[in-house]
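A.B. asks: requesting a structural model of the entry that follows:
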Amino acid sequence: MIGFIRVVGATFTAAAVCAWMGATPAQAQFSESIELGKDAFSFHGRTSGTMRAFASDSQAEGAVKSIMDAIGLPLRFEIKAAAVPNASAILTKDGRRLIAYNVNFMEDLRTATGEDWSAVSVMAHEIGHHLSFHLSHDIGDHDAELEADFFSGFVLAKMGATREQALAAMRDLGEETASNSHPAKIDRLQAIGLGWKNASLLTRPNLGQLRQANEETKTSGSPLEPLRGRNIWVSITDDQRRNEICRRLSEGGMNVDCDPDKGEPIARTLHLDCESLPTGAGRMVNEYLGQFGYEPYDIVDSIADGPSYCDTVLEMTIFDYEDYGGTRTSDLESDTGSLAALAGRNIWVDIRNERRREDVCRILREGGMNVDCEPSADDTPVSSSIDIDCHTLPENAGELVNAYLGRFGYPPYPVVDSIDDGPSYCDTVLEMTIFDYEDYESRAPTRTSSDNPLAALAGRNIWVDIRNERRREDVCRILREGGMNVDCEPSADDTPVSSSIDIDCHTLPKNAGELVNAYLGRFGYPPYPVVDSIDDGPSYCDSVLEMTIFDYEDYDSRAPNRSSAPRNELAVLAGRNIWVNIRDDTRRGLVCRLLDEAGMNVDCEPGTTAIDSSIDLDCETLPDDAGHRVNQFLGRHGLRTYEVIDSRNDGPSYCDSVLEMTIFDWE
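C.D. replies: This next block holds a predicted model:
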């Protein structure tokens, strides 16, 4: 199937589209014989030769005009009723552009589908042929049809049609198998759906609406409310999955027995054993667990099979003896930087910057996700965000992706829940999407930017031969996250080599040792002496010995300042209140996260009034160097520093609120 272009434009809302009633041509009609310039593109089949055309009816004129209004273009076509098979886009020998349609076909289609939108979608398809210049340029028939289908889905979404309304005509008319002129129905439905989806991306709620919706969700009743206090036994052999489901059900208000059976396995089911359970009890449990990414269990009503267990833990039972291997659980709190709950889920990474895109794709693949790394061919950006499109994803899927990417220096994206905006893409690459059209090369502290001293050593091999286990593991982790290939197996030899960074490969940059020292220095490590061993013997350019860190000292007891923890200039500001009033969403999110992780209380809700970029001190109990410390901390993470303004004596002191300090930044 053709690779489609992501289309972005202004949102159009039509109050209504005139119902297509299949009216006969108006009384003041005439006919003419029209000779086609070439075979015409039609919705299904081909039109060629000479045709007899009649004046169109008012409903057809109105529908075509509504389509053109939706995309903001003038009507440049003639609309004709004709004995074509269905509808056709025509370029005549004398250069006229026509949309021809069969009146009887349109009426039959509307009757068959029960949708006035079906006729509109057919006309939109033909307009798509004209606007894509399919009649004046050589293009493969299948490619042309899929592009016109895409346009049809796009414009119907802009006009207010639902996804099913946009697909109705194709569901009724499309051929199951491809012909010489037209693709198979499944491909054409996909094209229409993609077009509809792309238009729908533009009509999502703003962040304020999302916050309100999230709050409403938090305060709404749990699907398990009717089962509060009821007893359920969770007999699942996979420890991680069992503990997760037990915790979820307990949080939902149920009494849970989490001791698994050790006997013969029972089929994966949800058994109902108590006659006093509410109707739909199994469905309620499935619906609740489905919020966290769990597939539903088969419900078995065992009430009539034996005694009723209404006073024991056996009112309900979940049996599940599959081995999930820790990858099909949603044990999210145990590791906020883990993608285990999203293993195998589909994500599209639409990032304009190539190096950044490839890095994010690789990271997510290594985290276990299925990644589509083909960027959009369209030049019109969508706001930077993680879009959630599949209703079976865990509620915090976006936060999980942000947390995982954050391990590698990426700032968080705003998370947009688009599930209710249109169709759910649970079987395609569109379960989730990362949109990012900004150029971070020059200004973002990422592992692929110039801010990363190890960017020049990405993929190079280094052996970390450090005796102290805790120190060795920390250095290995830091260098891996910096992009290097790391061998972390220490030498079995008891004879130490002097602490140093040894350079063994002649193709390494001359300053490779200094680059490693600079990167480790960010995490509190002092520099190692750099030894150039290239000329001492063979060159190890194809092995883990391109570089080596030797370090046989025991730093645990004698050098606490060389621990694995990064230095924290904000230790003296732990628990102090700071308001981050930064307009740029991505930058604000990053600053808030860093300050929060450093121990400060952060208000990350932006204001609306611009003030000169600065750090304002408002509380008289703050240390005098508080602004300097925040600047030093942010600067270490590659972020800009601000002018410090001491406003402590300018008015009331905000020592009991989020306004002890404020960062203003409206650039």
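A.B. asks: residue ranges with poor pLDDT in the stretch 101-250 of the chain?
C.D. replies: By pLDDT under 70, the weakly predicted segments of the stretch 101-250 of the chain are 137-138, 200-222.
A.B. asks: quick one: the helices in it?
C.D. replies: Under the criterion DSSP state H, counting those that start in this stretch, helices of the stretch 101-250 of the chain are mapped to 103-113, 117-131, 141-159, 163-173, 185-200, 207-219, 239-251.
A.B. asks: got these as CSV, with mean neighbour count and distance to residue 514 columns?
C.D. replies: Heads up, the C-betas are built off the backbone N, CA and C, glycines and all. Below are the helices of the stretch 101-250 of the chain laid out as CSV (neighbours: other Cβ atoms under 10 Å; distance: least, Cβ to Cβ, whole Å):
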stretch, mean neighbour count, distance to residue 514
helix 103-113, 18, 70
helix 117-131, 26, 57
helix 141-159, 26, 52
helix 163-173, 22, 56
helix 185-200, 23, 48
helix 207-219, 11, 43
helix 239-251, 19, 44
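A.B. asks: tell me which of those sits nearest to residue 320.
C.D. replies: Closest to residue 320 of the helices of the stretch 101-250 of the chain, according to Cβ to Cβ: helix 239-251, at 7.2 Å.
A.B. asks: against which helices or strands is that closest one packed?
C.D. replies: Packing partners of helix 239-251 (3 or more Cβ pairs under 8 Å, 6 or more residues apart in numbering; DSSP states H and E): strand 231-236, strand 255-257, helix 281-290, strand 316-320.
A.B. asks: and the longest one, how far from the chain's centre?
C.D. replies: Spelled out, it's helix 281-290. When distances are taken as Cα atoms, centre = their mean, to the nearest Å, helix 281-290 is centred 26 Å away from the chain's centroid.
A.B. asks: residues of that helix that come out buried?
C.D. replies: Neighbour counts over helix 281-290 (16 or more other Cβ atoms under 10 Å) mark 281, 282, 284, 285, 286, 288, 289 as buried.
A.B. asks: which SSE is immediately downstream of that helix?
C.D. replies: As assigned by DSSP states H and E, the chain's next helix or strand after helix 281-290 is strand 298-301.
A.B. asks: let's have the buried residues of helix 281-290 in JSON lines, adding pLDDT.
C.D. replies: Output for these, formatted as JSON lines (pLDDT from 0 to 100):
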{"residue": "281", "pLDDT": "91"}
{"residue": "282", "pLDDT": "91"}
{"residue": "284", "pLDDT": "90"}
{"residue": "285", "pLDDT": "92"}
{"residue": "286", "pLDDT": "88"}
{"residue": "288", "pLDDT": "83"}
{"residue": "289", "pLDDT": "83"}
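A.B. asks: which residue is the nearest non-sequential neighbour of residue 642?
C.D. replies: Closest residue to residue 642 apart from its sequence neighbours, by Cβ to Cβ, 6 or more residues apart in numbering: residue 615 at 4.6 Å.
A.B. asks: on that earlier part again, out of the buried residues of helix 281-290, what pair is the most spread apart?
C.D. replies: Largest separation among the buried residues of helix 281-290 by Cβ to Cβ: 281 and 289, giving 13.0 Å.
A.B. asks: still on that earlier bit, distance to residue 541 added to the helices of the stretch 101-250 of the chain, as JSON lines?
C.D. replies: Output for the helices of the stretch 101-250 of the chain, formatted as JSON lines (distance: least, Cβ to Cβ, whole Å):
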{"stretch": "helix 103-113", "distance to residue 541": "66"}
{"stretch": "helix 117-131", "distance to residue 541": "55"}
{"stretch": "helix 141-159", "distance to residue 541": "47"}
{"stretch": "helix 163-173", "distance to residue 541": "55"}
{"stretch": "helix 185-200", "distance to residue 541": "46"}
{"stretch": "helix 207-219", "distance to residue 541": "50"}
{"stretch": "helix 239-251", "distance to residue 541": "42"}
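A.B. asks: so which of these comes closest to residue 372?
C.D. replies: Comparison of those against residue 372 by Cβ to Cβ identifies helix 185-200 as nearest, at 12.6 Å.
A.B. asks: can you name every helix or strand that that closest one contacts?
C.D. replies: Using 3+ Cβ pairs under 8 Å, 6+ apart, helix 185-200 is in contact with helix 141-159, helix 163-173.
A.B. asks: okay, those in JSON lines with distance to residue 233 next?
C.D. replies: Shown next, in JSON lines, are the helices and strands packed on helix 185-200 (distance: least, Cβ to Cβ, whole Å):
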{"stretch": "helix 141-159", "distance to residue 233": "47"}
{"stretch": "helix 163-173", "distance to residue 233": "41"}
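A.B. asks: right, and those helices - which one's nearest residue 110?
C.D. replies: Closest approach to residue 110 among these (Cβ to Cβ): helix 163-173, 9.4 Å.
A.B. asks: which outside residues touch the closest one?
C.D. replies: The contact list for helix 163-173 (Cβ atoms under 8 Å, 6 or more residues apart in numbering) reads 43-44, 86, 109, 112-115, 117-119, 121-122, 149, 152-153, 156-157, 185, 188-189, 192-193, 195-197, 422-423.
A.B. asks: and the angle for that helix with helix 141-159?
C.D. replies: Orientation check (axes from the mean of the first three to the mean of the last three Cα atoms, to 10 degrees): helix 163-173 against helix 141-159 gives 140 degrees.
A.B. asks: rewinding a little: who's in contact with the residue nearest to residue 642?
C.D. replies: Going by Cβ under 8 Å, 6+ apart, residue 615 touches 627, 630, 631, 642, 643, 644, 645, 661, 662, 663, 664.
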